[in-house]
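Student: the following block contains a protein sequence and its predicted model.
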Amino acid sequence: MNYREDLEIKLKKVTLAIHEVEEDKYKTDQEKQRIIDKLIDFKDAIISKGIELNIELDAA
């Protein structure tokens with residue numbers, strides 16, 4: 001597995017996790033926002049690492 005594949009897998013996982021939290025009606029809004037903020041930070045870090053390594057990622 002190369003860096004691009006690894007980063008794309010991580011990016012897809014965090015994107016799916018964000019969608020799962022958004023759809024979980026049992027979490028409080030404050031708890032959801034805290035989790036989403038952490039996931040967005042992680043997603044941004046993955047994208048930033050891709051840019052640093054000059055790797056174009058598919059964020060879909």
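Tutor: That came in fine, so what should we check first? Residues are numbered from 1 along each chain as shown.
Student: just say helix, strand or coil for residue 55.
Tutor: coil (DSSP: H, G, I helix; E, B strand; the rest coil).
Student: now it: closest residue in space that isn't a chain neighbour?
Tutor: Nearest non-adjacent residue to residue 55, counting by C-beta to C-beta, 6 or more residues apart in numbering: residue 4, 4.6 Å away. (Glycine included, C-beta is placed from N, CA and C.)
Student: ok, how many other residues are close to that neighbour?
Tutor: 15 (other C-beta atoms under 10 Å).
Student: ok, now which ones touch it?
Tutor: Going by C-beta atoms under 8 Å, 6 or more residues apart in numbering, residue 4 touches 50, 55, 56, 57.
Student: relative to residue 9, how far out is the third one?
Tutor: Okay, so that is residue 56. Distance, residue 56 to residue 9, by C-beta to C-beta, to the nearest Å: 15 Å.
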